[in-house]
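Novice: Turn this into a model:
(chains A and B)
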Amino acid sequence: MEETTYTLKDYKSDLKPIWCPGCGDFGVLSSLMQALVRLQIPPHKLAILSGIGCSSRLPGYINTYGFNGVHGRAIPLAIGVKLSSPDIKVIAVGGDGDGFSIGAGHIPHAARKNIDMTYIVMNNNIYGLTKGQASPTTPIGEQTKTTFYGNMEEPINPVRMMIAYKASFVARTFSGDPKNATEIITQAIQHKGFSFVEVLSPCPTFRGVEQFKLIREKIQYLTEDYHPSDEVRAFEIANDNDFIRLGIIYRQNRPIYTDIMKKMKEVSQKLGKPEIMDLLKQFEP
Amino acid sequence: MACNNIVVGIAGSGGDGVISAGEILVNASSSDGLFVFMLKSYGAQIRGGESSVRVRMSSDPVATQGDKLDILVVLSWKDYLKFKSEMLLEDHLVIVSDSADKFPEENIPIPEEKRKHWYKIPFTKIAEEAAGTSLAKNIVVLGAISELFGLPKTSLRKSIEKKFAGKKQEVVDKNLNALSAGQEYVKKELKKTDSILFEYTLGEPRLVMEGNEATAFGALYAGVEFYAGYPITPSTEIMHWLSVYLPKYDGVVMQMEDELASINAVVGASFAGKKAMTATSGPGMSLMAEGIGLASIAELPIVIINVQRGGPSTGIPTKTEQSDLMQAIWGSHGDSPRVVLAPSDVEDCFDCTVLAFYIAEKYQLPVIVLSDAFIGHRKESINPNRIRDMRYGFKKINRRLSPTAKELEDYKRYKYTANGISPVTWPGMENGMYQAAGIEHNEYGFPSADVSVHEKMTKKRWMKFHDIKREFSFERFYGSDDAELGIIAWGSTKGAVKEAVAKANANGIKVQAIIPQILYPFLIHPFYQFLRNKKKVIFVEMAYAGAFRRYLRGFIRFGDFHVETISYRQTGGAPFTVGQIYDKIVEEYEKKDA
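Specialist: Predicted coordinates:
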């Protein structure tokens, strides 16, 4: 039998993105599709889940099982799919508002449980879909529609947060560098466990086209002699405000939830697996 | 006085083993074929605090816990005080108390005329002598009352052996000694002054189940594959039970970080093709409301059990109420169809849960089962054959409709169909890829802000109600159908209504009750039949604001039937008594004659 080879065409859906011209999310979409081609994941063996936001529209642009759910709940949706069908590749996508504001409560739990999934956050430091309010990653002092006098709040550092939450794979990349983004996303999908990718994905509409340039000026790539298994070093990289470090910042191998779950099922079945009706015996007086 | 219907209440502090004693008594009675009904009541304390149990035993079917106690066992009067409003007492009351309790007798809130039969027994001392520990005093109690009132003695021994099975033989023996010691004490030291003597003939053993257990078992029977939930009283036993048994059948139980995560994980699992459910109580339902809307628009089958409690907010979490009706029916946002079922007793918890999965899978929408603490936490004896050939004994529990090979050539997940049901695929199925969406979408699942699409899709989702209403009829009638006085009630109030209606009709007061069990969509036909010759109906509900009556008035113009409506309601906590409902029936019946 001839082996099927999936090309970009196979992953492209008929839907045209609603994103503004120049939006960073185009780059993320194309890098994600490149990664899927590289990994040759059959479109029907993949599920991409999202919440609400500009970037959360992404599942619709890929020909696969997509789910555009409610605001902030991409991760629990993804967990539901992964635990139900462990052989499906599961990717949750969304923005900084969806992930770090309304949905922030779910992240530590998916990370500590080490659910075998990839979570890609397209960070544009602003709420785009609702037209320009401050997000949890908006820099201090920045004027937005809800911070007329300048943002007063310390922004979240997603990478540092994820390392602290024990995500087993933490990386940062930039939508303006498709080569790096494709590489990082590919490795994230390959990672066995909860992999988190922060993609800097500027919003030209509400934060200006110059964002691409400003990010590029500060980029530094992690080199081959960097070992992502060193948690202390990873925090140092995350805390470095002088540069924006791109690459796999932290990685750890530990058992994934679905494997542990499988073992637990085996233990429970070893203790006995009666006919369901025989379970009524326990209610006999 | 020989009797075959007896209500025993036991009150004590948390460490007294009050609930265990109740359970042993219930098991003993059920193995002798008796009908039993057991209600626990306790404070919100984690450990210790006050606790009480009430057991009703009868050779005839019982639908309630019994209004008043024939026998009151008090291990600590201080703790009894906390229950005095829940434990009404018969005039012929017999009190059995621990003689070691130093509580001043003048402060005991029991009137003189009900203190005529009072046995004071040194339970603690007997337990220490017979079993070497005061912990066995609950067993001494069982010995004493079984001797005093003719409760099932042989079966009590067996139930104790079963209860302590797995422990050292020494433990079993000590407890059996405690039982005998209680019996011996009564024989030797007491002179029976009362005349209560329980008499019955042996029957086939019955099962003993709590509502939450029946729900969990029903879910497993219906083929549940995924459960995600967050602990909340009084629903958590459902998750406890499933977490033991579901993995044996390759299912998943996951405790989530909150109810938002729970409902969305359940929606995700359903998207993945699994039969998925969660269970919660009122406050959790509020957090799940958004997810219910999502399941509704994404047309994904999910089952949500709401074991209601007194609210709002934390309210009285260990006690019952029926105040989540409107939340279940309307609670979400937008036009979001869902089905609401209401079990009315423990067996119903099984039926309704099985039915819920059937409806959810067939019609691809959320189904809510509105149980409550009164049903969820009580124990009832159940005919084992009853569960085997339940009312909705579907041979095969349907899974959602799959597309044909031809339909997959140009697969439209949300295809417009005559009945609103479109074929559904899930991840892993080749050529079935589609976009599930909370956003309004076209037939392919792609987003659409087209007004006409929204209208057509909304209609498609609601159209399912048409067939649901045709496929099911699920209500109960009690009493005589030529009665001019009617009662409309739902859920756990059924028991008291059923017994009150039976009593009224036996006394020549004609009254009929209807208990709808599919609350939404609203099935009007049974009501047309019911209202035909009614002049007056009483709505009975355990909710202050009377949402049930308001809800029904939205569907039925009672004025058109020339039917007067009366609302009879109370807040939750203590369930209605038969006497309360009976008195209301008499009151309204006599008004009619006046």
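
Novice: residues contacting whichever residue of the stretch 251-400 of chain B sits closest to chain A?
Specialist: Across the stretch 251-400 of chain B, the shortest distance to chain A (CB to the nearest CB) belongs to residue B:268, at 2.3 Å. (Each C-beta comes from the backbone N, C-alpha and C, glycine too.) Contacts of residue B:268 were listed using CB atoms under 8 Å, 6 or more residues apart in numbering or on different chains, and they are A:49, A:67, A:76, A:77, A:78, A:79, A:80, A:81, A:84.

Novice: which residues of the stretch 151-285 of chain A fall in helices?
Specialist: A:158-164, A:178-190, A:204-207, A:210-218, A:231-239, A:257-270 (DSSP state H, counting those that start in this stretch).

Novice: before we move on, back to that, the contacts of residue B:268 also near chain B: which ones?
Specialist: With CB under 8 Å from any CB of the partner chain as the criterion, those include A:49, A:67, A:76, A:77, A:78, A:79, A:80, A:81, A:84 near chain B.

Novice: Okay, and which of those map to helices?
Specialist: Judged by DSSP state H, helices contain the following of those: A:76, A:77, A:78, A:79, A:80, A:81, A:84.

Novice: Relative to residue B:122, how far out is the first one?
Specialist: It refers to residue A:76. 57 Å (CB to CB, to the nearest Å).

Novice: What is the host helix or strand of residue B:130 packed up against?
Specialist: Using DSSP states H and E, residue B:130 maps to helix B:123-131. Under the contact definition 3 or more CB pairs under 8 Å, 6 or more residues apart in numbering or on different chains; DSSP states H and E, helix B:123-131 sits against helix B:137-149, helix B:169-189.

Novice: Reformat those as CSV; add distance to residue B:91.
Specialist: Output for those, formatted as CSV (distance: least, CB to CB, whole Å):
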stretch, distance to residue B:91
helix B:137-149, 17
helix B:169-189, 23
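
Novice: Deepest-packed of those helices, please.
Specialist: Sort the helices and strands packed on helix B:123-131 by mean neighbour count, taking mean count of other CB atoms under 10 Å in any protein chain shown, and helix B:137-149 sits at the top with a mean of 27.

Novice: how about low-confidence regions in the chain?
Specialist: In the absence of a named chain, this looks at chain A. Along chain A, the parts satisfying pLDDT under 70 run over A:1-2.

Novice: Not quite, go with chain B.
Specialist: Where chain B drops to pLDDT under 70, the residues are B:1, B:44, B:46, B:387-397, B:592-594.

Novice: so which helix or strand takes in the residue most central in space within it?
Specialist: Note on chain B: the residue nearest the mean C-alpha position is residue B:375, at 1.8 Å, using CA atoms, centre = their mean. Applying DSSP H and E as the criterion places residue B:375 in helix B:373-376.

Novice: can I get the CA coordinates of that helix in PDB?
Specialist: Provided in PDB are the C-alpha atoms of helix B:373-376 (Å, rounded to 0.1, in the frame of the first residue of the first chain):
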ATOM      1  CA  ALA B 373     -30.100  16.000  49.000                       C
ATOM      2  CA  PHE B 374     -33.300  14.400  50.300                       C
ATOM      3  CA  ILE B 375     -33.100  11.700  47.500                       C
ATOM      4  CA  GLY B 376     -29.400  11.700  47.100                       C
END
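
Novice: What subset of the contacts of residue B:268 is buried?
Specialist: Neighbour counting by 16 or more other CB atoms under 10 Å in any protein chain shown classes A:49, A:67, A:76, A:77, A:78, A:79, A:80, A:81, A:84 among the contacts of residue B:268 as buried.

Novice: and of the helices of the stretch 151-285 of chain A, who's closest to chain B?
Specialist: helix A:257-270 (4.0 Å).

Novice: Not counting the biggest strand by length in chain B itself, show me its contacts.
Specialist: Scanning chain B for the strand with the most residues, using DSSP state E, yields strand B:88-98. With CB under 8 Å, 6+ apart as the test, strand B:88-98 has contacts from B:1, B:7, B:67-77, B:110, B:113-115, B:117-124, B:137, B:141, B:144-145, B:148-149, B:194-196, B:577.

Novice: Sheet partners, orientation included, of that strand?
Specialist: strand B:68-74 (parallel), strand B:117-121 (parallel) (DSSP bridges).

Novice: Would you point to the one among these that's packed deepest?
Specialist: strand B:68-74 (a mean of 24).

Novice: Heading C-terminal from that one, find the next helix or strand.
Specialist: Next along from strand B:68-74, by DSSP H and E: helix B:77-81.

Novice: Residues contacting that next one, please?
Specialist: Counting by CB under 8 Å, 6+ apart, residues outside helix B:77-81 touching it are B:11-13, B:50-52, B:72, B:74, B:87, B:97, B:101, B:103, B:107-109.

Novice: how far away is the closest residue to residue A:99 other than its chain neighbours from residue A:13?
Specialist: Spatial nearest neighbour of residue A:99, excluding adjacent residues (CB to CB, 6 or more residues apart in numbering or on different chains): residue A:121 at 4.8 Å. From residue A:121 across to residue A:13, the span is 21 Å (CB to CB).

Novice: Look at the two and report which has more neighbours.
Specialist: Per other CB atoms under 10 Å in any protein chain shown, whichever of residue A:121 and residue A:13 has more neighbours is residue A:121, with 29 against 19.

Novice: what's near enough to touch residue A:60?
Specialist: A:13, A:15, A:66, A:68, B:435, B:437, B:446, B:447.

Novice: Show me which of those is closest to residue B:366.
Specialist: Of all the contacts of residue A:60, residue B:366 sits closest to residue B:437, with 16.0 Å by CB to CB.

Novice: What residues are bridge-paired with that closest one?
Specialist: residue A:68.

Novice: quick one: contacts for it?
Specialist: Counting by CB under 8 Å, 6+ apart, residue B:437 has contacts A:60, A:67, A:68, B:297, B:298, B:445, B:446, B:447.

Novice: Count the residues that sit near residue B:506.
Specialist: Neighbours around residue B:506, by other CB under 10 Å: 8.

Novice: residues touching it, list them.
Specialist: Contacts of residue B:506 (CB under 8 Å, 6+ apart): none.

Novice: Name the residues that touch the helix holding residue B:375?
Specialist: Outside helix B:373-376, the residues that touch it by CB under 8 Å, 6+ apart are B:39, B:210-212, B:215, B:233-235, B:237, B:307-310, B:318-321, B:343-346, B:348-349, B:491-492, B:572, B:575.

Novice: change it to 6 Å
Specialist: B:211, B:212, B:234, B:307, B:309, B:319, B:320, B:492, B:575 (CB atoms under 6 Å, 6 or more residues apart in numbering or on different chains).

Novice: For it, buried residues please.
Specialist: In helix B:373-376, counting by 16+ other CB under 10 Å, buried: B:373, B:374, B:375, B:376.

Novice: next helix or strand past it?
Specialist: Next in sequence after helix B:373-376, counting helices and strands by DSSP H and E, comes strand B:379-382.

Novice: Mind giving me the packing neighbours of that following strand?
Specialist: Contacts defined by 3 or more CB pairs under 6 Å, 6 or more residues apart in numbering or on different chains; DSSP states H and E place strand B:379-382 against strand B:35-42, strand B:207-210.

Novice: And the contacts of the shortest one?
Specialist: Judged by CB under 6 Å, 6+ apart, the contacts made with strand B:207-210 from elsewhere in the structure are A:283, A:285, B:26, B:30, B:346, B:379, B:381, B:382, B:384.
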